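Asks: below are the sequence and a predicted model; questions follow.
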Amino acid sequence: MSRSLSCQCGTMRWSIAQDAPGSHVMCYCADCQSHARHLGRTDMLDQGGSDIFQTIPSAFRIDAGQEHLAMQRLGPRGMYRWYAGCCNTPIANTLNKNTLPFVGAVLPPGAQGFGKITAIANTEAAPVKIRQRGLFGAVWSLLTRALMAKLRGQTASPFFNAEGGPVIEGRVLTKEERKAARP
Ligand SMILES: [Zn+2]
Ligand SMILES: [Zn+2]
């Protein structure tokens with residue numbers, strides 16, 4: 001089973017180590033939906049849900065098309081939302097600092113090889129009625145995984161430079177753009 005992914009046009013390719021620890025979650029929050037909507041990629045949403053594999057950044061590798069890496073934030077304090085600029089395919093979300101090594105890889109709906117979905121989160125923003133579950137477990141594993149990675153010195157990330165800043169400058173959506181993208 002492959003954990004290689006690529007953007008819609010095939011220019012960018014990235015992969016997640018086969019043995020990387022992680023949780024497979026569905027996030028229905030308005031921000032994840034706004035991100036996909038602003039990129040014009042609602043095809044990446046499954047009934048409003050984003051399919052996410054939460055793992056550690058050192059397990060994440062960009063294999064091709066690095067020069068197309070782009071990033072946007074929904075607001076000045078928003079998460080870094082990385083995507084393939086060539087065709088607006090979401091790649092991953094990170095915090096805006098690498099102090100807690102965390103990456104949420106955005107998977108195309110129905111992606112195989114990432115295990116069962118163990119948590120369904122933020123369903124209050126879902127366009128259909130879906131029951132929330134597994135949230136506590138997902139948050140707990142995210143934190144323990146990130147802390148273990150930090151203790152082991154596994155803090156390398158394809159999204160941050162050695163100084164802890166983002167590898168490229170992202171763009172913050174204007175208030176109008178954010179409003180227009182709101183589900
Ligand atoms: Zn979300
Ligand atoms: Zn592309």
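Replies: Looks like it came in fine. Ligands and ions are numbered 1, 2, ... in the order given.

Asks: ranges for the strands of the chain?
Replies: For the chain, the strands defined by DSSP state E occupy 4-6, 13-16, 23-27, 50-55, 60-64, 69-73, 80-84, 89-94, 103-107, 119-121, 171-172.

Asks: can you list the strands that the first one pairs with?
Replies: Strand 4-6 has these partner strands in its sheet, going by DSSP bridges: strand 13-16 (antiparallel).

Asks: what does the partner strand rub up against?
Replies: 2-7, 22, 53, 55, 59-65, 91, 105, 158 (Cβ atoms under 8 Å, 6 or more residues apart in numbering). Glycine gets a C-beta too; all of them are placed from N, C-alpha and C.

Asks: need the residues of this structure near ligand 2, please.
Replies: 7, 9, 11, 84, 86-87 (Cβ under 5 Å from the ion).

Asks: by mean pLDDT, which helix or strand of this protein comes out lowest?
Replies: helix 135-151 (a mean of 93; mean pLDDT, DSSP states H and E).

Asks: that one: how far from the chain's middle?
Replies: Distance, stretch centre to chain centre, for helix 135-151: 16 Å (Cα atoms, centre = their mean, to the nearest Å).

Asks: show me what it is packed against.
Replies: Packing contacts for helix 135-151, counted by 3 or more Cβ pairs under 8 Å, 6 or more residues apart in numbering; DSSP states H and E, involve strand 23-27, strand 50-55, strand 119-121.

Asks: tell me how far the closest residue in space to P21 that isn't next to it in sequence lies from ligand 1.
Replies: Distance criterion Cβ to Cβ, 6 or more residues apart in numbering; nearest residue to P21, sequence neighbours excluded, is R145 at 5.4 Å. As for R145, its distance to ligand 1 is 18 Å (criterion: Cβ to the ion, to the nearest Å).

Asks: coming back round to it: and the least confident helix or strand of the chain, what's buried?
Replies: For helix 135-151, the neighbour count (16 or more other Cβ atoms under 10 Å) marks 138, 141-142, 145-146, 149-150 as buried.

Asks: need the contact partners of stretch 18-27.
Replies: 1, 3, 16, 46, 49-56, 59-60, 104, 114-122, 134, 137-138, 141-142, 145.

Asks: do that stretch and ligand 1 come into contact?
Replies: Yes: using Cβ under 5 Å from the ion, stretch 18-27 reaches ligand 1 at C27.

Asks: now do stretch 164-183
Replies: No: using Cβ under 5 Å from the ion, stretch 164-183 stays clear of ligand 1, with a minimum separation of 11.1 Å.
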